[in-house]
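Student: I'd like to go over a predicted model; first the sequence, then the structure.
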Amino acid sequence: MYKHELYKIFTKKSLYITFFLIVLLLVFSNSESMLDWVMKDEIYDELYQTHGGPVTEELELMVREQMRASDAGEVSVDQATGDVQFLVAMSGLNLEQLEERKEFLASKIETLDQTTHQYLEATKELEMLKELGNPYGFYLIQAWTGMMDLIEPFFSVVLIAIMILLGLSPIFAEDHAQKTIGLVLATKHGKKNLVTSKILASITYIGVVFISLHFTNFLIQLNGYGGLHGWNAPMQSLVNYPSDYSMSPFNLNVRQFYFIMLTVQFIAGVAFGVLVLCLSNLTKNYLMTFFVSGSILGLPFILRQIGLDHGFFKTFNLFSYLEFIRIERLFDQFRTFSFFGQPILYPTYLIGVFGLVTILLLGVLYYRSKHQQVTT
Amino acid sequence: MKLVIENVSKKYNDKWAVREFNAEMTDGVYGLLGPNGSGKTTLMRMLASILKPTSGRILLDDQDIRTLDETYRDVLGYLPQEFGLYQNFTAERFLAYFASLKGLDKNIAKEKIAEVLALVNLTEHKRKKTKTFSGGMKRRLGIAQALLNDPKILIVDEPTAGLDPKERIHFRNLISNISRERIVILSTHIVSDIEYIAKEIFIMDQGVLKERSDLAGLLSGMKGKVWEASMTETEFASLQGQYKIGNIQRNEDGVKLRLISDEKPHAQAVEVLATLEDVYLYYFGEEALQHVQA
Ligand SMILES: Nc1ncnc2c1ncn2[C@@H]1O[C@H](COP(=O)(O)OP(=O)(O)OP(=O)(O)O)[C@@H](O)[C@H]1O
Ligand SMILES: [Mg+2]
């Protein structure tokens, strides 16, 4: 069954056409945007020798002196050197800020009652920040920035969502459109095991889309930035818009962070896929599924566009499929939500919530399939 | 095996499609006969467990088919009146898919697929995509699908619709051959489909079981009711509307009629032996019969 369900998905030509267009888009958009800060030239290797690694007081003093000199016109520096100097200086500032934040938290904790939520939250943050050590400095990590770029921005959510919607909307609806439902439901496994097969085939499909998309991007970035240096750098040194993680409290290096992001985004994709499957089963209609699930995904975006992003709506928007797949805001700052008074990190909470939602949707899916009737 | 339909009713909105239907079936072919809208499809869907009765139960060997669930569907073969195929599948893949849905072992599936393809004469088309199939070929593939798991209960809803006369005869022989040791329930508009193979015939009208009997029983009930008479056009015109009229043949002398009447309808009328078609005419009238012949 599983094999045949996969066959049904992967023989849809529209998916290949769409994927091909997406790849074209990626190649094109990268050849446009990559030009500014590639860090591929030899000079960066040299600069890394002199300026790279975690920022230190000596390094900071050194670049300040260099910057002062060039500002005063005493020496002339090239663009690359100037940029790197600036980066090192900024790292120094960031490190200062981090230290200030830790001091602030430590003194705040002193004043707080140990049973309050604020106390728990502040201790949690302080612990995480202490783990970080010194995560700032100049690293050759532009290829990773490029790879993350695909995961994060709204644009990539659209790409993944379109592939999921196109691939999964027909899965249950198709049996109604093709009028095979009567045949299927009267078979031994047509009301239960078939659902499992369809779910597994869908997850496989999402996995394949995922791997193809990210692998393609990986190759493009590798080609563009010429290497995978910097995988060991702390994630806080990812400071380029839109992936500015300088204020992130997570103690991860770039590579670890990359794989965590991929994993979380894959889980999010599967959660969204289950929603699509459920709607495909409920509406019995391909286009309806496409638009309803598309709307559910896009709703927070619309709400933000019209300014509904405070109070309840803020939480609502944060706990949405959109944010889940988008990931960008999951790891960029310390943010917790209360679970019976316990502060739980936002990404953990989000995964928990969608875990529950997904289990619920799966329940609906199995229940509906078992009790489905044919009247037309 | 014993299949019992116990007081089964189905209501759509405020219309009863099937009403308090009772029947008991053991191995053999059962023909379900009735005009359009009489509830055949609705009844068969309930038997196929894809529609829930509004009230009543269906029992297989004294167990409710709803509780039997997969165990019931394991012995079920069903061909709906209207169905589709996966357009991009070849006939072979389509059957392989249903073999897996029916839980057939891989090796057995291979054999069974070859077997049912041969049974419905589709072996040479097995590599063709189903979207290229004609109506008759689709229906035959549907029949093949229903037979894959060697069902103990075979429910086929107007299986001969869209088949040409040769295919129809072939199908009738097929059903007749496989009907030992299984319950076959077959609905049709075409009386000759079941005339000689049905162990029992259910006559359904407006959701209600009007009559159930074997062919001989139905025919003997028609004794003294079927007549043939030759008459002039004017005489024919005066008879029309009074009787249910079957076959009409015109020649130079006038009209030769076959009609249903409790007493002798015309001086020259002679009583003739009834056929199942007359039974149909008797219960459902001319309009229904015209559908049959159309
Ligand atoms: N989904 C439905 N909603 C409402 N009424 C329905 C529905 N399906 C069937 N009916 C009604 O139930 C009655 C029985 O329909 P059914 O299809 O069972 O008859 P049938 O004997 O199979 O007819 P046919 O010979 O045309 O196939 C009809 O009056 C029909 O209009
Ligand atoms: Mg019908």
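Tutor: The structure has been received and is ready for your questions. Ligands and ions are numbered 1, 2, ... in the order given.
Student: Could you list the buried residues of the helix or strand harbouring A:Q66?
Tutor: Secondary structure assignment for A:Q66, by DSSP states H and E: helix A:57-71. With burial defined by 16 or more other C-beta atoms under 10 Å in any protein chain shown, the residues of helix A:57-71 counted as buried are A:59-60, A:62-63, A:66-67. For glycine as for every other residue, the C-beta is placed from the backbone atoms N, C-alpha and C.
Student: Can you tell me what sits against that helix?
Tutor: The contact list for helix A:57-71 (C-beta atoms under 8 Å, 6 or more residues apart in numbering or on different chains) reads A:51, A:75-77, A:81-82, A:85-86, A:88-89, A:91-92, A:137.
Student: average pLDDT for that helix?
Tutor: The pLDDT scores in helix A:57-71 average 84.
Student: ditto for stretch B:209-222
Tutor: For stretch B:209-222, mean pLDDT rounds to 90.
Student: Between the two ends of that stretch, how far is it?
Tutor: End-to-end span of stretch B:209-222 (C-alpha to C-alpha, to the nearest Å): 18 Å.
Student: Mark which of the contacts of helix A:57-71 are buried, thanks.
Tutor: Neighbour-count burial (16+ other C-beta under 10 Å) applied to the contacts of helix A:57-71 gives A:51, A:81, A:85, A:88-89, A:91-92, A:137.
Student: In strands only, show me these.
Tutor: Among the buried ones among the contacts of helix A:57-71, the residues falling in strands (DSSP state E) are A:G137.
Student: So which of the buried ones among the contacts of helix A:57-71 reach ligand 1?
Tutor: By C-beta under 6 Å from any ligand atom, no member of those lies near ligand 1.
Student: Show me the strands in the chain, by range?
Tutor: Chain wasn't specified; assuming chain A. A:53-54, A:137-138, A:336-339, A:342-345.
Student: Please refer instead to chain B.
Tutor: For chain B, applying DSSP E gives strands covering B:3-12, B:15-25, B:28-33, B:55-60, B:63-64, B:76-79, B:153-157, B:183-188, B:200-205, B:208-213, B:226-231, B:244-251, B:254-260, B:270-271.
Student: residues in contact with the residue of chain A found nearest chain B?
Tutor: In chain A, no residue comes nearer to chain B than A:K179, which is 3.3 Å away by C-beta to the nearest C-beta. Going by C-beta under 8 Å, 6+ apart, A:K179 touches B:82-84.
Student: So which residues on the stretch 51-200 of chain A come close to ligand 2?
Tutor: Taking C-beta under 5 Å from the ion, no part of the stretch 51-200 of chain A reaches ligand 2.
Student: Can you name the residue of the stretch 51-200 of chain A nearest to ligand 1?
Tutor: Nearest residue of the stretch 51-200 of chain A to ligand 1, counting by C-beta to the nearest ligand atom: A:G182, 12.4 Å away.
Student: remind me which residues of the chain are low pLDDT?
Tutor: This is for chain A. A:30-40, A:149-155, A:240-243 (pLDDT under 70).
Student: looking at chain B here, not the other one
Tutor: Using pLDDT under 70, the flagged stretches of chain B are B:286-294.
Student: Give me the distance between the residue sitting nearest the centre point of it and B:L85.
Tutor: Nearest to the mean C-alpha position of chain B, by C-alpha atoms, centre = their mean, lies B:S187 at 1.7 Å. B:S187 is 21 Å from B:L85, where distance means C-beta to C-beta, to the nearest Å.
Student: sorry, back to before: now the residue nearest to the centre of chain B, which residues is it bridged with?
Tutor: B:L32, B:D157 (DSSP bridges).
Student: likewise B:E211?
Tutor: With DSSP bridges as the rule, B:E211 is bridged to B:I203.
Student: is it true that it touches B:L219?
Tutor: No - the criterion here is C-beta atoms under 8 Å, and B:E211 misses it with B:L219 at 12.0 Å.
Student: Return the residues in contact with A:N232.
Tutor: Contacts of A:N232 (C-beta under 8 Å, 6+ apart): A:253-255.
Student: next one: B:A274
Tutor: B:219, B:222-223, B:225-226.
Student: of all those, which two lie farthest apart?
Tutor: Distance extremes for those: the farthest pair is B:L219 and B:K225 at 10.3 Å, using C-beta to C-beta.
Student: Got the phi and psi for the residue of chain A most remote from its centre?
Tutor: Centroid-distance maximum for chain A: A:E74 at 45.0 Å, with C-alpha atoms, centre = their mean. Main-chain torsions, A:E74, degrees, to the nearest 10: phi -70, psi -40.
Student: Tell me the spacing between it and A:R68.
Tutor: Distance, A:E74 to A:R68, using C-beta to C-beta: 8 Å.
Student: and what of B:Y243?
Tutor: In this view, B:Y243 and A:R68 are 118 Å apart by C-beta to C-beta.
Student: Generate TSV for the strands of chain B, with distance to ligand 2 as supplementary columns.
Tutor: As requested, the strands of chain B are exported to TSV (distance: least, C-beta to the ion, whole Å):
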stretch	distance to ligand 2
strand B:3-12	13
strand B:15-25	10
strand B:28-33	9
strand B:55-60	18
strand B:63-64	25
strand B:76-79	12
strand B:153-157	6
strand B:183-188	6
strand B:200-205	10
strand B:208-213	16
strand B:226-231	27
strand B:244-251	23
strand B:254-260	25
strand B:270-271	34
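Student: What are the boundaries of the helices in the stretch 1-150 of chain B?
Tutor: Assigned by DSSP state H, counting those that start in this stretch, the stretch 1-150 of chain B shows helices spanning B:40-47, B:65-68, B:70-74, B:91-101, B:106-119, B:135-147.
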